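A.B. asks: okay, structure incoming, though there's no sequence with it:
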């Protein structure tokens, strides 16, 4: 089986409904943890690690990965809204917003989250 076959097999495994459910749970919880100041990806993963003991390995790894990446994105949202960084990755968003709040509101309006994502 070549690389393409392995890729298709991995996508089939991840796109199962119960795995997508745990991915969604991980993203939602990760966004909430990311917005809270002082909590990072490792703290969020440590909080939900006991939940993964009851899951199958694929769902558990998918949820933990979703938590990690959602915390990174959630910290940027918290930095843009509040001007304070939650995790280290949110420092860029906090700097963008705190540099000039009026200019950021006037020029970027709804695009600050997009800039933080990039």
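C.D. replies: The structure has been received and is ready for your questions. This structure is a prediction, so every number in the text was calculated from the model and none was measured.
A.B. asks: hey, let's count contacts and neighbours off CA atoms from now on
C.D. replies: OK.
A.B. asks: next secondary structure after the helix or strand hosting residue 9?
C.D. replies: Assigned by DSSP states H and E, residue 9 belongs to helix 3-14. Proceeding N to C from helix 3-14, the next assigned helix or strand is helix 17-35, under DSSP H and E.
A.B. asks: so for stretch 18-25, mean pLDDT?
C.D. replies: Taken as a whole, stretch 18-25 has an average pLDDT of 94.
A.B. asks: what ranges do the helices span in this protein?
C.D. replies: 3-14, 17-35, 41-52, 57-82, 91-99, 101-103, 112-117 (DSSP state H).
A.B. asks: any chance of those in TSV, plus mean neighbour count?
C.D. replies: As requested, those are exported to TSV (neighbours: other CA atoms under 10 Å):
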stretch	mean neighbour count
helix 3-14	11
helix 17-35	21
helix 41-52	16
helix 57-82	23
helix 91-99	19
helix 101-103	12
helix 112-117	16
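A.B. asks: that older thread, now tell me what touches the helix holding residue 9 from outside.
C.D. replies: Residues outside helix 3-14 that contact it (CA atoms under 8 Å, 6 or more residues apart in numbering) are 20, 58, 62.
A.B. asks: now do the same contact list for residue 15.
C.D. replies: Contacts of residue 15 (CA under 8 Å, 6+ apart): none.
A.B. asks: and residue 69, what is it in contact with?
C.D. replies: Shown in contact with residue 69 (CA under 8 Å, 6+ apart): 27, 30, 41.
A.B. asks: residues touching the nearest residue to residue 25 once chain neighbours are set aside, list them.
C.D. replies: What sits nearest to residue 25 in space, not counting adjacent residues and going by CA to CA, 6 or more residues apart in numbering, is residue 63, at 7.1 Å. Neighbouring residues of residue 63 by CA under 8 Å, 6+ apart: 22-27.
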